[in-house]
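A.B. asks: Here you go, sequence then predicted model.
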Amino acid sequence: MEKIKIIGGQPLQGSVRINGAKNSAVALIPASILAESPVTIEGLPEISDVEILKDLLEEIGGTVHFDGQDMTIDPSNMTSMPLPNGKVKKLRASYYLMGAMLGRFKKAVIGLPGGCHLGPRPIDQHIKGFEALGAKVTNEQGAIYLQADELIGARVYLDVVSVGATINIMLAAVRAKGRTVIENAAKEPEIIDVATLLTNMGAKIKGAGTDVIRIDGVEHLRGCRHTIIPDRIEAGTYMVIAAAIGEGVMIDNVIPHHLESLTAKLREMNVSVETADDQIFVSRAPIMKPVDIKTLVYPGFPTDLQQPITALLTQANGTSVVTDTIYNARFKHIDELRRMNARIKVEGSSAIISGPVQLQGAKVRATDLRAGAALIIAGLLGNGLTEITGVEHIDRGYSHVVEKLRGLGANVWREKLSEEEMEQVKNL
Ligand code: EPU
C-alpha cells in the first residue's frame, strides 16, 4: 500500500490529457458479455476498477487482452459461472454483471457490490427492472440470484432516477423478447455511451440520453469496436485543480458540453474558463466569489464533483453552501479538510464553507474516491506537506494521477506505507 505526499503552494501550468470515462468503462466491459464474437473497447482508463472487471470476465471464461488502453474481450466461451464472493465485492459496478449475464444466460449469481461508502446505496430499482422482464430475483447470504426461463420486454418506471438501474435494465433487455420501455430513465452521457456500444453490437435502442428509452430485443449480438467517451469527472477534477492553483491549465480530450454545469459555476466564481472543441483552458481568479451549489442528476451539477469543489470553495471570499441531493451523507471528506484548517460545517445534506482560509498540510485519509480528489486539491493548496493515505480509493478512478500532476509542475510523489502505518490501516 502507498500514500501520496504533496508539498503545496506550487502554481500549476501546462496541459493534462483526460482518459476514458470510468463510469462508462465499468458498464461497457460487462456489456461485452452479451456479444457472440470479440468486442474491442478503445481508450479505457488504467484504473483498478477496470483491472478487476477484466479478471472477473476471465473468471467466467472470457479471453481478455488489455494493453493499458484498448481491451479486446472474446466472450464466446463465457459461462454463467456464479460469482458470489471474491473480486465482485470490490467494486460497486459489479452490479452490471447481473444485467449482462441475465441478458445472455438468463441466470446469474453475483455477490452484492462494494465500492465507495457514500451512505445507503440500494439496488431496488435494478431488481424491479429485472423482475419486470420476468426474472426471479432472490438475495441469499449476501449474493443476488437471478433466473428466468425467458426474458420478455416490459414497461419499467424508475421510482428513483438511477444511472446504474437504467444501464442494468438496458443490458438485460437488449436480448429479451419484444419491447422494453424504461421511463424516468437517467440521462447521463455514460448511458448514451453504453447504448452506442450495444447498438454497434446490433441492439435496437432509441431514446438513450432522454428520460424514455425504448429497446426492441434481438436474438443475437455481434462483436464490434467502440471508442469510450472521455471522463467528465476526471476532467472536472482537473478543472477544479486549475481553478484552485492553475496559472493556465489546458485540459485535453474532453467534451465541454458534458461539463456545462461545472463551467457555469466556475465562471460564477470568477474563474476563467475557455472552451474549444475538445479542450478546456482554466486559470484561477485573483479573488474568487462564493457560490451555492446543489447536486442534481445530469445535466445538473454532478455529485461526483461535490467533494472536489468543496475543497476549492475554502478559497472563495465568503460563505458557500454545497447541498448533495443524490447522496446526502457524502461528507466524509469534511473532517479531513477540517484537519487542514478548512472552516466547514455540515448541516443535514449541506456543507457550509467559509473562506478564504490558508489550508495547512496534514496527514489525512481518503475514505472514498472523490474524497481523495478533494484532499489532493487541498494538499496542492496547503502550506507545507500533506500525506494522503487510502490511495487505493483514488486509484479506482484516477489513472496516473501523480504523473499527471507532476506534468503540471506539482510537487507530488508516492511512497510505500511504513510497517507502522500498515498496522494502523489494518485496525481501521
Ligand atoms: N438509488 C436507489 N435505488 C436504486 C438505485 C439508486 O434508491 O436501485 C438511489 C441512490 O441511493 C442514489 C440515487 O438513487 O441516491 C442515484 O444513484 P445511481 O443509481 O444513479 O448511482 P449509481 O449508478 O450507483 C453512479 C456512479 C456514481 C455516481 C452516481 C450518480 C457508477 C459505477 N457509479 O452510481 O459514481 O455518483 O451514478 O451520478 O457509474 C463515482 O464515480 O465516484 C461514483 C460514486
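C.D. replies: Received, thanks. Treat the numbers as computed from the prediction; the structure is a model and nothing was measured.
A.B. asks: got the residues of the chain near the ligand?
C.D. replies: 23, 26, 92-93, 116, 121-126, 160, 162-165, 186, 233, 303-304, 326-327, 369-370, 397 (CB under 6 Å from any ligand atom). Where C-beta positions appear, they are placed from N, C-alpha and C, glycine not excepted.
A.B. asks: what residues are up against E36?
C.D. replies: By CB atoms under 8 Å, 6 or more residues apart in numbering, E36 lies in contact with P75, S76, H220, L221, R222, G223.
A.B. asks: Which among those count as buried?
C.D. replies: Buried members of those, counted by 16 or more other CB atoms under 10 Å: P75, L221, G223.
A.B. asks: Just the ones in strands from those, please.
C.D. replies: Judged by DSSP state E, those include no members of strands.
A.B. asks: Closest one to the ligand out of these, please.
C.D. replies: Closest approach to the ligand among the buried ones among the contacts of E36 (CB to the nearest ligand atom): P75, at 20.7 Å.
A.B. asks: wait, the closest one sits on P30?
C.D. replies: No - using CB atoms under 8 Å, P75 makes no contact with P30, being 10.2 Å away.
A.B. asks: joint contacts of these two?
C.D. replies: With CB under 8 Å, 6+ apart, P75 and P30 have common neighbours L57.
A.B. asks: Can you find the residue of the stretch 51-200 of the chain that comes nearest to the ligand?
C.D. replies: Residue nearest to the ligand within the stretch 51-200 of the chain: G164 (2.8 Å; CB to the nearest ligand atom).
A.B. asks: Make sure D292 is actually in contact with S320.
C.D. replies: Yes - assessed by CB under 8 Å, D292 is found in contact with S320 at 6.3 Å.
A.B. asks: More neighbours: those two, which one.
C.D. replies: S320 (24 against 14; other CB atoms under 10 Å).
A.B. asks: Could you look up the SS state of that one?
C.D. replies: Here S320 is recorded as strand under DSSP: H, G, I helix; E, B strand; the rest coil.
A.B. asks: Please give me every residue in contact with Y95.
C.D. replies: Y95 makes contacts with I110, P113, I123, H126, G164, N168, as judged by CB under 8 Å, 6+ apart.
A.B. asks: from those residues, which has minimum pLDDT?
C.D. replies: When the contacts of Y95 are compared by pLDDT, P113 scores lowest at 74.
A.B. asks: Neighbours of that one, how many?
C.D. replies: Using other CB under 10 Å, P113 has 20 neighbouring residues.
A.B. asks: Report the contact partners of it.
C.D. replies: Neighbour list for P113: V88, K89, L91, R92, A93, S94, Y95, I123 [criterion: CB under 8 Å, 6+ apart].
A.B. asks: tally of neighbours for the fourth one?
C.D. replies: Pointing back at R92 there. 21.
A.B. asks: And the strands in the stretch 1-150 of the chain?
C.D. replies: Along the stretch 1-150 of the chain, counting by DSSP state E, counting those that start in this stretch, strands occupy 2-7, 12-17, 39-42, 63-66, 71-74, 107-111, 136-140, 143-147.
A.B. asks: these two touch, right, the residue of the stretch 51-200 of the chain closest to the ligand and D124?
C.D. replies: No - using CB under 8 Å, G164 makes no contact with D124, being 11.1 Å away.
A.B. asks: the more surrounded of the two?
C.D. replies: Higher neighbour count among G164 and D124: G164, with 21 against 11, using other CB under 10 Å.
A.B. asks: Against L56, how distant is that one?
C.D. replies: 17 Å (CB to CB, to the nearest Å).
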